[in-house]
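Asks: sequence and predicted model, in that order:
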Amino acid sequence: MSQIISIVNQKGGVGKTTTAVNLSSALAEKGKKVLLLDMDSQSNATTSLGFSKNDYEFNIYHVLLGIKKLKDIILKSDIKGLSIAPSNISLVGIEKEFYNPKNKNPELILKEKLKDIKHKYDYIIIDLPSALGLITINGLSTSDYVIIPIQCEFFALEGLSQLQNTINLLKQTINPKLKIKGFLPTMYSRQNNLSKEVLNDLIHHYSEKLFYKKNSKNCIVIPRNIKLAEAPSFGKSIINYAINSKGSIAYKDLALAIIKKT
Ligand SMILES: Nc1ncnc2c1ncn2[C@@H]1O[C@H](COP(=O)(O)OP(=O)(O)OP(=O)(O)O)[C@@H](O)[C@H]1O
Ligand SMILES: [Mg+2]
């Protein structure tokens, strides 16, 4: 059975794309078949895996418009088992198209497009933009789970209750199966007291929502790690850029925790 997991947080720059790319790669490295779906017009996930706009003619925008089938835009990455459905700046215009009166259920368009191919993958990971607009609603409507990256910085928990309300609303209406798989503390720095405070707050209030390593009481935390920030500029995930770095180890731990929770 395939699992569809959205990486979501309406706050910008919290590590959604870094998590989507490196979790997908770590799952593939464990032998899983993974599709990474780039649903952000910034197309950071696409470029992070080394694809530039000249490498592909069609992208997720054309799929959502109905011009192309999802299977026709998928690209194979350098990592065995990992494919990507790329995005492009043209995706900025999609919300307007969604409101076309011929679309009876604009929040279910992505779900419809995934139907034909989802059985081919163990995991489909969706990188969402930082907004609670119709693209995010489409991602949440088709997902089984969400992972919420939380940056260990000031205002980290701001907006979290609004996001949880949105998820609950979707659960009560169009997607009853939707569940929060977990909160993921990101960009944690041991030298930074504020980082420690945010992590302690998360452990105190949401310990059951965090991810844990096998046989360990310590929750999985993504450290602030320069290799994670550098890898995208080489068009590589952390798995083929710096497999033994602290960032890589953390995402591999996360992948194992997710496989175990399946
Ligand atoms: N653990 C980390 N250590 C160091 N740098 C990181 C880490 N995680 C993310 N970054 C860097 O922080 C920036 C924001 O991360 P990212 O793009 O993953 O966030 P995002 O939530 O997807 O942002 P957006 O809301 O713009 O889509 C990027 O430059 C990324 O390389
Ligand atoms: Mg992003």
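Replies: Perfect, thanks for sending it. It should be emphasised that the depicted structure is a prediction, and the values quoted were computed from it without experimental measurement. Ligands and ions are numbered 1, 2, ... in the order given.
Asks: only C-alpha atoms for contact and neighbour calcs from this point on.
Replies: Will do.
Asks: and stretch 113-130, does that touch ligand 1?
Replies: Yes: Stretch 113-130 lies in contact with ligand 1 when judged by C-alpha under 6 Å from any ligand atom; the contacting residues are 129-130.
Asks: show the end-to-end separation of that stretch, please.
Replies: Distance across stretch 113-130, first residue to last, is 22 Å (C-alpha to C-alpha, to the nearest Å).
Asks: show me what from the chain comes close to ligand 1.
Replies: If contacts are counted using C-alpha under 6 Å from any ligand atom, the residues of the chain sitting beside ligand 1 are 12-18, 129-130, 186-187, 222-226, 228-229.
Asks: the same query, at a cut-off of 5 Å, please.
Replies: For the chain, the contact set with ligand 1 under C-alpha under 5 Å from any ligand atom comprises 12-18, 130, 187, 224-225, 229.
Asks: can you redo those residues as JSON lines with secondary structure and distance to residue 157?
Replies: Formatted as JSON lines, the residues of the chain next to ligand 1 follow (DSSP: H, G, I helix; E, B strand; the rest coil; distance: C-alpha to C-alpha, whole Å):
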{"residue": "12", "secondary structure": "coil", "distance to residue 157": "13"}
{"residue": "13", "secondary structure": "coil", "distance to residue 157": "14"}
{"residue": "14", "secondary structure": "coil", "distance to residue 157": "11"}
{"residue": "15", "secondary structure": "coil", "distance to residue 157": "14"}
{"residue": "16", "secondary structure": "helix", "distance to residue 157": "15"}
{"residue": "17", "secondary structure": "helix", "distance to residue 157": "19"}
{"residue": "18", "secondary structure": "helix", "distance to residue 157": "19"}
{"residue": "130", "secondary structure": "coil", "distance to residue 157": "15"}
{"residue": "187", "secondary structure": "coil", "distance to residue 157": "14"}
{"residue": "224", "secondary structure": "coil", "distance to residue 157": "18"}
{"residue": "225", "secondary structure": "coil", "distance to residue 157": "22"}
{"residue": "229", "secondary structure": "helix", "distance to residue 157": "23"}
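Asks: where do the strands of the stretch 1-150 of the chain begin and end?
Replies: Residue ranges of the strands in the stretch 1-150 of the chain, as given by DSSP state E, counting those that start in this stretch, are 3-7, 34-38, 75-76, 82-85, 123-127, 145-151.
Asks: TSV please, covering the ones you listed and showing mean pLDDT.
Replies: As requested, the strands of the stretch 1-150 of the chain are arranged in TSV below (pLDDT from 0 to 100):
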stretch	mean pLDDT
strand 3-7	98
strand 34-38	98
strand 75-76	98
strand 82-85	98
strand 123-127	98
strand 145-151	97
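Asks: as TSV, the ones you listed with mean neighbour count and distance to residue 206 would be great.
Replies: Shown next, in TSV, are those (neighbours: other C-alpha atoms under 10 Å; distance: least, C-alpha to C-alpha, whole Å):
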stretch	mean neighbour count	distance to residue 206
strand 3-7	24	18
strand 34-38	27	27
strand 75-76	16	37
strand 82-85	24	31
strand 123-127	27	23
strand 145-151	24	12
